[in-house]
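**Q** After the sequence you'll find the predicted model.
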Amino acid sequence: MKMAKYFYRGLKLGVVGGGQLGRMLIQASIDFNVEIHVLDPDPEAPCKPYAHAFTQGSLDDYETVYQFGKDLDVITVEIEKVNADALATLKAEGKTVYPDPDILRMIQDKRAQKAYYQEHGLPTADFVLVNNASEVRELGWMPAVNKLGKDGYDGRGVQILREPADFDKAFDAPGLVEKMVEFEKEIAIIVARNPQGDIKTYPLVEMVFHPEHNLVEYLYSPADVPVVQALRAREIAVDLVKSLDYVGLLAIEMFALKNGEVLINEIAPRPHNSGHHTIRACGTSQYEQHLRAILGLPLGDTTLLTPAAMVNLLGAEGHTGPAVYVGMEDALAIPGVFPHLYGKAETRPFRKMGHVTIIDRDVDQLRDKVMRVKDILKVESDRGAGN
């Protein structure tokens, strides 16, 4: 696939989903003279002020997605929960669609994801498919994780089963139960592949999750794991994208086990929270890399130029309403601190409102800065707590 001709007249790229990931993709697209068209149900989506064209509409509706994409050159997604059938029709009609709609369907269903890993010899935690809460209880696995097959996102659709009382929280819908693994760290790797088959991976990151809400609070790059384990994670990531014949950016969340093994947890077919730091810390950001991959261009340098961290700015507990960023001046006074706000007018508890990239060549100082930023910078509501 040769795309260079589009740069003379303005390539029309459709992005299904208009959240913060799309917003940062638009920032990267400006340098490539790419015309971005965005579809999102929210009339005030973060992408709206910056897209060349914005369509308000459902991502789940076949006709809406089809009509959005039929006059565009290339179509990609910013979120998994979209109508893959409409994308498949667009592909059949000759449109360039990445990720491939068949791969997207598989990723949309965690049951299908796990079955794929099993069928292709890719390491993952032991699991059993279940259809309802009764089957979760009958299985009786503890400690374990009960996941919804579909519609789980950003920490939703996951229940931890540690004691018998937790079975009352099991999902009464098709899903899976996964044995809880004894992991040392939760890690992630982002891999890009273009249509020519070229592959680039980013350095492994180490993620720290909120203890209750299953959201990443902060991460470090590079991950502090043994070299052999980092190499194994990269090997698994490359094997996965090759087996899928994948084109675009794929984020792979993994478990680094205490015995040195690495297991795949989940994947996301798009730029990802675990790669935000690449904007400041790597030779090529994950957003530019995604563009390069889906446009059939040479992939960019993924070298980590400096140790980096990313802190998610989550809505403060007890605060709902117009967002106020408390402590911004104090945070900006720290060298190597770079905030990225997502333009969301309303905050609510644990909503992703922005992130902060932090860089420092001294890893100990980097970790100290992370703790300082976490303490200093808060997303509250001007209506006050409890409203």
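**A** Structure's in. What do you need? Since the model is a prediction, treat every value here as computed from it, not as a measurement.

**Q** so where's the stretch 201-350 of the chain uncertain?
**A** For the stretch 201-350 of the chain, applying pLDDT under 70 flags the ranges 212-213.

**Q** ranges for the helices of the stretch 251-387 of the chain?
**A** Under the criterion DSSP state H, counting those that start in this stretch, the stretch 251-387 of the chain contains helices at 278-281, 286-294, 328-332, 363-376.

**Q** Just name the most buried of those helices.
**A** Greatest average neighbour count among the helices of the stretch 251-387 of the chain goes to helix 286-294 (a mean of 26), per mean count of other CB atoms under 10 Å. The C-beta positions use only the backbone N, C-alpha and C, and glycine is treated the same way.

**Q** who's in contact with residue 374?
**A** 217-218, 311 (CB atoms under 8 Å, 6 or more residues apart in numbering).

**Q** Can you tell me which of these is nearest residue 45?
**A** Among the contacts of residue 374, residue 311 lies closest to residue 45 (CB to CB), at 23.5 Å.

**Q** so how far is residue 211 from the closest one?
**A** Distance of residue 311 to residue 211, given as CB to CB, to the nearest Å: 16 Å.

**Q** Between these two, which has more neighbouring residues?
**A** The residue with more neighbours, out of residue 311 and residue 211, is residue 311; 27 against 7, by other CB atoms under 10 Å.

**Q** residues contacting the more buried one?
**A** By CB under 8 Å, 6+ apart, residue 311 lies in contact with 217-218, 355-356, 358, 370, 373-374, 377.

**Q** now do residue 345
**A** Residues in contact with residue 345, defined by CB under 8 Å, 6+ apart, are 44, 322-323.

**Q** One more pass at 10 Å, please.
**A** Counting by CB atoms under 10 Å, 6 or more residues apart in numbering, residue 345 touches 44, 46, 321-323.

**Q** out of those, who's nearest residue 222?
**A** Nearest to residue 222 among these: residue 46, at 29.1 Å, using CB to CB.

**Q** number of nearby residues for that closest one?
**A** Neighbour count for residue 46, taken as other CB under 10 Å: 23.

**Q** what bridges to residue 315?
**A** According to DSSP bridges, the residues that bridge with residue 315 are residue 379.

**Q** got it, and residue 147?
**A** residue 158, residue 176.
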